[in-house]
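Visitor: Could you work out the structure for the sequence below:
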Amino acid sequence: MKYIHEKEVGDPSKQRQIFTNIDLKLLCCRFWSFSLWDCNNMIFPYWRMYWNKNDGGIIEYNEEIYQMDKNFLYVIPPFTSFNAKYSKNHIYNEGIHVSGKPVKFTGEKAKTEDKHLLHFFIHFNLGVPFDNVNPGIHKIKLSNHYRDTLNDIIINLGIENKKFPIKFNLKLQSFITEVLSNMDNELWQTINIDQRVLKILRYIEYNMNGNLSNDFLASEVNMAPNSFARLFKKEIKITLHAFIQKRKIARACELFDHSNKTIEEVAYILGYANRYHFSRVFKLVTGATPATYRLGAVIKI
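Guide: Next up is the predicted model:
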């Protein structure tokens, strides 16, 4: 008997391949009927994907106005500061004010109402380094394939809006990754960073309540603290300390927006000694206290 390999291996090639793994985390996916959608100075630490079934939605970014077209999908990276409103019922120029309810399906398609904006939205994160791309508003033309997938998703949301089967989760994640994979390469230019810095970015993401001192993180990549600090700033464009603060507050915003955790619980999760220290840092980064931030969105169902 002749053996081809002395040792069984899964991959017969000796050529090493390097992949960049994506850590896609879905935060919410909804299709709502809004009578009010006045959202001012929104800047959140997660990706957003928007689509409106009817006219009237407006996004304002960097002094540019986007009249939302039902033939386009709108992708918004983390930390993009923008305004959004429903032009047929615009009331507030400050704060975040939303009034609406989920669109339900009973075997028929949702009817477009003259006084309501039918708005589909997904919030998600991709993990480091993909959450560190440049801010902006990206318009994606809906192909027939995208449109069919999108319609299938919103029909399913109208039937079940809480607990989703695995096939729905796979379809939704596939839709997100397919849309992102077809976007311009310029969007991803900021993620071509030194592997040592990338290792530390990933470490920070999963150890936010641990030791994140410059000395300790530098030792993780076998570098002198001063050399690592210079390398980090060169690659990420901000200091290590500022980046850690930014990521911790980003995680705090995510927890406030998508969980019922108290300010004290969030402070503990992120490794702060107490609520007061956490609140000082939160206000320094966002301009608002945690309590004010949590009260910023008025949502009526």
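Visitor: only C-alpha atoms for contact and neighbour calcs from this point on.
Guide: Fine.
Visitor: Please, where are all the strands along this protein?
Guide: Using DSSP state E, the strands found in the chain span residues 25-42, 47-52, 57-61, 64-67, 72-76, 82-86, 96-102, 117-125, 138-141, 297-300.
Visitor: Please work out the average pLDDT along the longest one.
Guide: This points to strand 25-42. Taken as a whole, strand 25-42 has a mean pLDDT of 89.
Visitor: which residues sit against that strand?
Guide: If you take C-alpha atoms under 8 Å, 6 or more residues apart in numbering as the criterion, strand 25-42 is touched by 80-86, 89-103, 115-127, 154, 157-158, 161, 258.
Visitor: which of the residues you listed count as buried?
Guide: The neighbour count (16 or more other C-alpha atoms under 10 Å) marks 80-86, 89, 95-103, 116-127, 154, 157-158 as buried among the contacts of strand 25-42.
Visitor: re earlier: looking at the strands of the chain, which is nearest to residue 219?
Guide: With distances scored as C-alpha to C-alpha, the stretch of the strands of the chain nearest to residue 219 is strand 117-125 (28.3 Å).
Visitor: list the buried ones in stretch 224-244?
Guide: For stretch 224-244, the neighbour count (16+ other C-alpha under 10 Å) marks 225, 228-229, 231-233, 235-236, 240, 243-244 as buried.
Visitor: For the residue lying closest to residue 84 once chain neighbours are set aside, name its beta-bridge partners.
Guide: Using C-alpha to C-alpha, 6 or more residues apart in numbering and skipping residues adjacent in sequence, the residue nearest residue 84 is residue 59, 4.5 Å away. Assessed by DSSP bridges, residue 59 has beta-bridge partners residue 66, residue 84.
Visitor: Hmm, residue 74 and residue 59 touching each other?
Guide: No: between residue 59 and residue 74 there is no contact under C-alpha atoms under 8 Å: 9.5 Å.
Visitor: intersection of neighbour lists for those two?
Guide: Counting by C-alpha under 8 Å, 6+ apart, nothing touches both residue 59 and residue 74.
Visitor: Now the phi/psi pair for residue 136, please.
Guide: Note on residue 136: its backbone torsions stand at phi 160, psi 180 [degrees, to the nearest 10].
Visitor: So which residue is smack in the middle of the protein?
Guide: Most central in the chain under C-alpha atoms, centre = their mean is residue 46, positioned 2.1 Å from the mean C-alpha point.
Visitor: So what does the nearest residue to it once chain neighbours are set aside look like in phi/psi?
Guide: Residue nearest to residue 46 in three dimensions, not counting chain neighbours: residue 78, with 4.5 Å by C-alpha to C-alpha, 6+ apart. The phi/psi pair for residue 78 (degrees, to the nearest 10) reads phi -60, psi 150.
Visitor: ok, now how distant is residue 78 from residue 253?
Guide: Using C-alpha to C-alpha, to the nearest Å, residue 78 is found at 12 Å from residue 253.
Visitor: shared neighbours, the two?
Guide: Common contact partners of residue 78 and residue 253 (C-alpha under 8 Å, 6+ apart): 44-45.
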